[in-house]
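S.K.: task: produce atomic coordinates for the following.
(chains A and B)
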Amino acid sequence: MAKNFSFSKLWKGPFGTYLIVIVAYVVFQALASTGNLPSVVIGLLPTICAYIVAAVSLNLVVGISGELSLGHAAFMSVGCYTGVVAATCYSAMFDIPWLVFFLSMFTGALFAALAGFVVGVPVLRLSGDYLAIVTLAFGEIIKNIMNNLYVGLDASGLHFSLTSSADLHMTNGKIIINGPQGAVGIEQLSTFFFGFCLVMLTLAVVLNLVRSRSGRAIMAVRDNAIAAESVGINTMKYRLMAFVVASALAGMAGVLYAMNYNAVVPVRFDYNASILILVYVVLGGIGNIRGSIISATVLVVLPEVLRFMSEYRMLIYAIVLIAVMVLPNVPAVKRFLDYLPTKLPFLRKRSEVPGDVVGGAE
Amino acid sequence: MADDRETRFGEPDDFREEVPEPLTTEDAPVADADLPAADSTPDAPAMGEEALQVEARAEAEAPTHGVAALFNRSRRGTYRAQSKSGGARAKGSGSRTKMVALPSDGIVPERDLYATPVLECRHLGIDFGGLHAVEDFNLIVGKTEIAGLIGPNGAGKTTVFNLLTKVYQPTRGTILLDGVDTHGMTPSKVAQAGIARTFQNIRLFSNLTVEENVEIGLHNQVRCGMWSSIFRLPKYWVSEHEFHKQALELLDIFSMADMAEITAGNLPYGAQRRLEIIRALATHPKLLLLDEPAAGMNPVETEDLMTNIRKIRDEFQIAIVLIEHDMDLVMNICEGIAVLNYGKIIAKGTPEEIQGNEQVIEAYLGSGAKGA
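M.R.: Numbering: from 1, shown residues only, chains lettered A, B, ... in the order given. Predicted coordinates for the structure are as follows:
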């Protein structure tokens, strides 16, 4: 039974996922420091990490908890703006960039979780298509609030307004969030390393949660809500748990995303952004965390790499999307994909574990 | 059949109270329509003898109130309320009302006589629009009884299970689980209170492994919060160890421990049914409701199931109520049987009594069957 601790088993488990991320980080970091990476991609690295976090957290809602949410970008925006405001306040207090970064990340996560809770309590009474539509609506509501939010900081503290920047009544302060112009004058604290740390944290949270009592309850509710209730699981609690944890992680992604830019407009987090994150999740495979990471990376990089093709790049993007969806179902490709695992044992699926014993005897 | 019960649980004649005349007529309809009035005579000598013994013992326990009063607290409550409201008027009129014993239709195994019944349904009913899907459903299940609920298709058997587990909220009536009213509870709260069930159309968590399915059943037995899980605190490792151990112990009952790693959806049909029972057992219920546990099983598997149901009852000392169309199984393992037709109980009794009951035969085979 030494086979139980084989490389293939480790590879299939969460450690394989961690390993992929670590290896990818090392490779990209090496490429960047030796100057082999195009500068456009280097600037994109924290953004890639932010979208990976967003995709993995949405996968917790869509794949693990089984609820279709179309408002995920809104929680990113909540995290983004609270994080930016917090960062401005914290940097006035201490001069340690990483501390400011982590504290504002925590603050962003906290507020995004709060938003997730406030939205989740009424919304999660619904399910299926209705839930999707209502989350879409809530996403738009949050975006519109952000569109009209003015926040400024001066010597007497924070000022808020929902009408105009003049309404802030500041004499000599700094405007942090300026309505439709969004967050302005952001300190660019995000680095690839911080992004990597956040991805690892997200993976740890999601994968640890899934493989625990709470995670099993979440998946039980997904698989069969009536049966889950019949064994005494409070379905609302666990749906909400998945939703709030995902919101908090999306909030962190928002902070990371914002701090990679000078300014972030609220329109960046409209429903298009939510759909985009959902595309990463669907393309990577619903419920497949590793797939979300890979698809988010590819699909964030692709439009930037294809930038030289100007208006054709979105066409290529669309073709790639369609190809990835269709190709695995083409018989010839399917046969090839079925054939691959017989040659590469570590590609075998988890459900084929009984067959693994036979493989070990060979 | 019903007559025997009269003798067993009927009130002693001298139990009377002062209540004015009109209320007596209001009292009477509470009794089941299909039960004869209290003055009917016992006609099964063997049962009568046994009944006398039971009654004698009950008399020793509660000499003034008798067995029925001992059993049916709800009914006793009715007596009291009626006598109070009627008492004032009784003084004015000066007339004395003849009080009769309200017949109880509850039956429990003799060994459970002095334990609180695990389930007590009183006048349970639910309407879907104008349809009375279940009406005036009265049932008492003893602490360690294996009871059967049978009836033709569409009689409302599964609806009764859905009422007991609060998947449907009853329109009328009370459910007492081990003496606790389940009114207002959600399905998950009822499950926590001690009712576990299986489903007619299997409802497993089909994407998860067999072991995970059982561990989900153990959800409220082993505790570990979200934060402990996310940060992998020591509590997480202790709880996971406990989950694993208890899950395998439960799987061992149906000798399924070697299937622990298999995805539940890939199990053969019979094994899925067994897994559902194990998952229900994992919630440590006081009452286990099995909805057609033998459906789709071959005779050998059914035989196994019967042994296992008895084993579960003996080992866990719980009550089991099962809905089943396989009469062989029902008549073999059920101690008390209730027959449901058009949402109403038409007969209750031991398997022998049910087999000989004309109403039951009529419900199953139609009225023409009598002549045949």
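S.K.: center of chain A - which residue?
M.R.: Residue closest to the mean C-alpha point of chain A, counted by CA atoms, centre = their mean, is residue A:54 at 1.0 Å.
S.K.: dump the residue contacts of it.
M.R.: If a contact means CB atoms under 8 Å, 6 or more residues apart in numbering or on different chains, then residue A:54 has A:72-73, A:76, A:249-250, A:253, A:277, A:280, A:296 as its contacts. The C-beta positions use only the backbone N, C-alpha and C, and glycine is treated the same way.
S.K.: most surrounded residue in these?
M.R.: In terms of neighbours by other CB atoms under 10 Å in any protein chain shown, the contacts of residue A:54 top out with residue A:250 at 40 neighbours.
S.K.: my read: it touches residue A:57, true?
M.R.: Yes: between residue A:250 and residue A:57 a contact is recorded at 5.0 Å, counting by CB atoms under 8 Å.
S.K.: what do these two both touch?
M.R.: Joint contacts of residue A:250 and residue A:57 (CB under 8 Å, 6+ apart) are residue A:72.
S.K.: and the gap between the residue nearest to the centre of chain A and residue A:209?
M.R.: Taking CB to CB, to the nearest Å as the measure, residue A:54 falls 17 Å from residue A:209.
S.K.: next: residue B:343.
M.R.: Distance from residue B:343 to residue A:209, counting by CB to CB: 45 Å.
S.K.: what residues are up against the closest residue to chain B within the stretch 51-200 of chain A?
M.R.: The stretch 51-200 of chain A approaches chain B most closely through residue A:66 (9.9 Å), counting by CB to the nearest CB. Residues near residue A:66 by CB under 8 Å, 6+ apart: A:221-223.
S.K.: just to revisit the earlier point, take the contacts of residue A:54 and keep only those in helices.
M.R.: Using DSSP state H, A:72-73, A:76, A:249-250, A:253, A:277, A:280, A:296 are the members of the contacts of residue A:54 that sit in helices.
S.K.: which one among those gets closest to residue B:228?
M.R.: Nearest to residue B:228 among the ones in helices among the contacts of residue A:54 is residue A:249, at 18.5 Å by CB to CB.
S.K.: the closest residue to that closest one other than its chain neighbours: how many residues sit nearby?
M.R.: Closest residue to residue A:249 apart from its sequence neighbours, by CB to CB, 6 or more residues apart in numbering or on different chains: residue A:57 at 3.6 Å. Under the neighbour criterion other CB under 10 Å, residue A:57 is assigned a count of 30.
S.K.: what ranges do the strands span in the stretch 201-350 of chain B?
M.R.: In the stretch 201-350 of chain B, the strands defined using DSSP state E, counting those that start in this stretch lie at B:287-291, B:319-323, B:336-341, B:344-349.
S.K.: re the thing from before, wasn't the residue nearest to the centre of chain A part of a strand?
M.R.: No: read with DSSP: H, G, I helix; E, B strand; the rest coil, residue A:54 is helix and lies in no strand.
S.K.: please name the nearest non-neighbouring residue to it.
M.R.: Leaving aside its chain neighbours, residue A:54 sits nearest to residue A:253 (4.3 Å; criterion: CB to CB, 6+ apart).
S.K.: quick one on the thing from earlier: what's the distance between the residue nearest to the centre of chain A and residue A:199?
M.R.: 11 Å.
S.K.: cool, residue A:301 as well?
M.R.: Computed as CB to CB, the residue A:301 to residue A:199 distance reads 15 Å.
S.K.: when these two are compared, which one has more neighbours?
M.R.: A count of neighbours by other CB under 10 Å puts residue A:199 above the other of residue A:301 and residue A:199, at 25 against 17.
S.K.: OK, contacts around the more buried one?
M.R.: Here residue A:199 is in contact with A:21, A:49, A:52-53, A:56, A:293 (CB under 8 Å, 6+ apart).
S.K.: ok, back up a step: which of the contacts of residue A:66 are close to chain B?
M.R.: residue A:223 (CB under 8 Å from any CB of the partner chain).
S.K.: for the buried ones among the contacts of residue A:66, write the corresponding PyMOL selection.
M.R.: To isolate the buried ones among the contacts of residue A:66 in PyMOL, judged by 16 or more other CB atoms under 10 Å in any protein chain shown, type:
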select buried, chain A and resi 221+222+223
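S.K.: let's have the contacts of residue A:66 in CSV, adding distance to residue A:313 and pLDDT.
M.R.: Listed next are these as CSV, based on distance: CB to CB, whole Å; pLDDT from 0 to 100:
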residue, distance to residue A:313, pLDDT
A:221, 41, 95
A:222, 37, 94
A:223, 40, 94
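S.K.: just the contacts of residue A:66: which are in helices?
M.R.: A:221-223.
S.K.: JSON lines for those, including distance to residue B:317?
M.R.: JSON lines is the format used below for the ones in helices among the contacts of residue A:66 (distance: CB to CB, whole Å):
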{"residue": "A:221", "distance to residue B:317": "31"}
{"residue": "A:222", "distance to residue B:317": "34"}
{"residue": "A:223", "distance to residue B:317": "31"}
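S.K.: quick one: which of those is nearest residue A:203?
M.R.: Nearest to residue A:203, judged by CB to CB, of the ones in helices among the contacts of residue A:66 is residue A:222 at 20.0 Å.
S.K.: surely the closest one meets residue A:64?
M.R.: Yes: in this structure residue A:222 lies within contact range of residue A:64 using CB under 8 Å: 6.9 Å.
S.K.: can you point me to the longest helix in chain A?
M.R.: helix A:97-123.
S.K.: which strands and helices lie in contact with the one helix or strand residue B:353 maps to?
M.R.: Using DSSP states H and E, residue B:353 sits within helix B:351-356. In this structure, helix B:351-356 packs against helix B:327-333, strand B:336-341, with contacts taken as 3 or more CB pairs under 8 Å, 6 or more residues apart in numbering or on different chains; DSSP states H and E.
S.K.: just name the most buried of the ones you listed.
M.R.: strand B:336-341 (a mean of 24; mean count of other CB atoms under 10 Å in any protein chain shown).
S.K.: what about it, average pLDDT?
M.R.: Strand B:336-341 shows an average pLDDT of 93 in the prediction.
S.K.: what does stretch A:257-266 give?
M.R.: Here stretch A:257-266 scores 92 as its mean pLDDT.
S.K.: return the set of buried residues in that stretch.
M.R.: Neighbour-count burial for stretch A:257-266 [16+ other CB under 10 Å]: A:257-261, A:264-266.
S.K.: which of those sits closest to residue B:207?
M.R.: residue A:257 (32.3 Å).
S.K.: contact partners for that closest one?
M.R.: Contacts of residue A:257 by CB under 8 Å, 6+ apart are A:46-47, A:50-51, A:76, A:80, A:190, A:264.
S.K.: so how far is chain B from it?
M.R.: Look at residue A:257 and chain B: by CB to the nearest CB, to the nearest Å, they are 23 Å apart.
S.K.: on the three-state scheme, that residue is what?
M.R.: helix.
S.K.: returning to what we had before: hang on, isn't the residue nearest to residue A:249 packed against residue A:202?
M.R.: Yes: using CB under 8 Å, residue A:57 is in contact with residue A:202, at 6.4 Å.
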